[in-house]
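> what would the 3D arrangement of this be:
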Amino acid sequence: MKEERAGTASLDALEIGSLDEALVAMSRLFSVTEAAYERRAQLEHALRSRVVIEQAKGILAERFGLGMDDAFAVLRRAARSERIKLQELAARVVSSRDTPPEVGSALAATGSRHRQA
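Next up, the predicted model:
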């Protein structure tokens, strides 16, 4: 008989609350889940962008004999001066054997004595 009471008490506990409360809770759960998926997508995009930027830094460092910090500074300066997203300019560096003219201009503006590619 105690087992039946324990089972009944559990069912009674589950029945507390209205349908409206359950719908509100489900709506909140869906909102939180959606926000988590959106955040995950943002983080994945940021990671992909960062990989492209790191690749571009390496390419510029090799092409012009720069250190990694200097290569990033040139890339950032070029993107800012031309009002281009850093990731977009980095993708152009990575996708072509030719250095984008914006990068060449930024390199020249630094008065760099590094070799031109």
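
> now what about the helix or strand where residue 78 lies, what contacts it?
Here residue 78, judged by DSSP states H and E, is contained in helix 68-82. If you take CB atoms under 8 Å, 6 or more residues apart in numbering as the criterion, helix 68-82 is touched by 53, 56-58, 60-61, 64, 66, 84-86, 88-90, 93, 100, 102-103, 105-107, 109-110, 112. (Glycine included, C-beta is placed from N, CA and C.)

> what residues sit buried inside it?
Under the neighbour-count criterion of 16 or more other CB atoms under 10 Å, helix 68-82 has 70-79 buried.

> quick check: residue 88 vs residue 76, distance?
According to CB to CB, to the nearest Å, residue 88 stands 13 Å off from residue 76.

> same question for residue 66.
Here residue 66 is placed at a distance of 13 Å from residue 76 (CB to CB).

> do residue 85 as well
Residue 85 sits 11 Å away from residue 76, going by CB to CB.

> so where is this structure shaky, pLDDT-wise?
For the chain, residues meeting the criterion pLDDT under 70 lie at 1-16, 111-117.

> what ranges does it have for its helices?
Counting by DSSP state H, the chain has helices at residues 2-14, 19-64, 68-82, 86-95, 101-109.

> from the contact counts, what lies against the fourth one?
Read it as helix 86-95. helix 19-64, helix 68-82, helix 101-109 (3 or more CB pairs under 8 Å, 6 or more residues apart in numbering; DSSP states H and E).
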